[in-house]
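Asker: No sequence on hand, only this structure:
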């Protein structure tokens with residue numbers, strides 16, 4: 001069973017579910033175990049000990065979750081950079097083949113435009129649901145077959161032809177990197193640690209003794225809500241192409257506008 005369905009939700013609902021689940025777990029456990037803990041486990045004088053353990057576990061978990069969040073953000077930023085480079089390489093290749101004589105110029109530019117349209121309208125929606133699109137491979141292969149049939153007749157054309165070849169290789173490489181990122185994400189073991197650590201931190205709050213139970217409920221709820229919001233943040237960035245907060249095709253759409 002996977003939880004990719006969460007990326008079909010709007011961000012506000014996704015965040016609400018993450019926070020709501022953690023608060024529900026925190027308050028449910030507090031209601032169920034408060035009487036047992038106070039009768040059998042702990043006394044008023046033990047609040048200092050509970051605070052000591054909570055500070056230590058909170059620090060360890062906070063550092064761990066912070067590092068995971070930074071890694072998720074860096075991975076997200078890397079994908080954005082790859083898409084931006086792919087777009088800039090695509091328009092550069094489009095301009096390079098534009099220096100060739102007709103009919104090669106018209107045919108090659110039309111193929112690049114069709115490849116861009118396919119990537120925006122077909123490939124991107126598939127990426128958003130975790131499917132690796134394959135149609136771009138055949139389109140670039142067809143472009144390459146047309147391109148290699150061109151024979152430059154001047155020195156300048158040879159130079160421009162070499163630049164176009166380099167651009168095609170780079171475009172192919174960047175596209176392959178982008179496709180690899182479609183199914184990448186944090187390993188399941190990391191998510192187990194995130195949830196287990198969050199629940200352990202919440203369980204610690206059940207061991208506090210307060211004179212007013214409402215205060216205990218309020219503090220526990222706020223602590224659980226904070227953990228839920230942090231988990232939402234990591235999850236929203238984990239899969240760069242999925243969900244409302246994802247890498248879009250804006251850079252390629254700008255390239256398409258220039259091609260028109």
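Answerer: Okay, I see it. A quick note: this is a predicted structure, and the numbers were derived from the prediction, not measured.
Asker: From here on, just use CA atoms for contacts and neighbour counts.
Answerer: Fine.
Asker: Which residue ranges of the stretch 51-200 of the chain form helices?
Answerer: For the stretch 51-200 of the chain, the helices defined by DSSP state H, counting those that start in this stretch cover 104-118, 124-127, 135-148, 155-181, 188-205.
Asker: any idea how far the residue nearest to the spatial centre of the chain lies from residue 15?
Answerer: Residue closest to the average C-alpha location in the chain (Cα atoms, centre = their mean): residue 240, at 2.5 Å. Distance, residue 240 to residue 15, using Cα to Cα, to the nearest Å: 17 Å.
Asker: Not counting its neighbours along the chain, what's nearest residue 243?
Answerer: residue 7 (4.1 Å; Cα to Cα, 6 or more residues apart in numbering).
Asker: Let me see the contact set for residue 129.
Answerer: residue 242 (Cα atoms under 8 Å, 6 or more residues apart in numbering).
Asker: End to end on stretch 180-198, go ahead and measure it.
Answerer: End-to-end distance (Cα to Cα), stretch 180-198: 30 Å.
Asker: Tell me the buried residues in it?
Answerer: Buried residues in stretch 180-198, counted by 16 or more other Cα atoms under 10 Å: 181-183, 194, 197-198.
Asker: With respect to pLDDT, which of the residues you listed ranks lowest?
Answerer: Lowest pLDDT among the buried residues of stretch 180-198: residue 183, with 86.
Asker: That one is in contact with residue 133, isn't it?
Answerer: No. Between residue 183 and residue 133 there is no contact under Cα atoms under 8 Å: 11.4 Å.
Asker: Redo the buried residues of stretch 180-198 as TSV? Include distance to residue 87.
Answerer: Conversion of the buried residues of stretch 180-198 to TSV gives the following (distance: Cα to Cα, whole Å):
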residue	distance to residue 87
181	16
182	17
183	21
194	36
197	41
198	40
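Asker: Show me the shaky parts of the stretch 151-260 of the chain.
Answerer: Applying pLDDT under 70 to the stretch 151-260 of the chain flags no residue at all.
Asker: Kindly recompute the last result at 90.
Answerer: 151-167, 182-189, 204-216, 236-248, 258-260 (pLDDT under 90).
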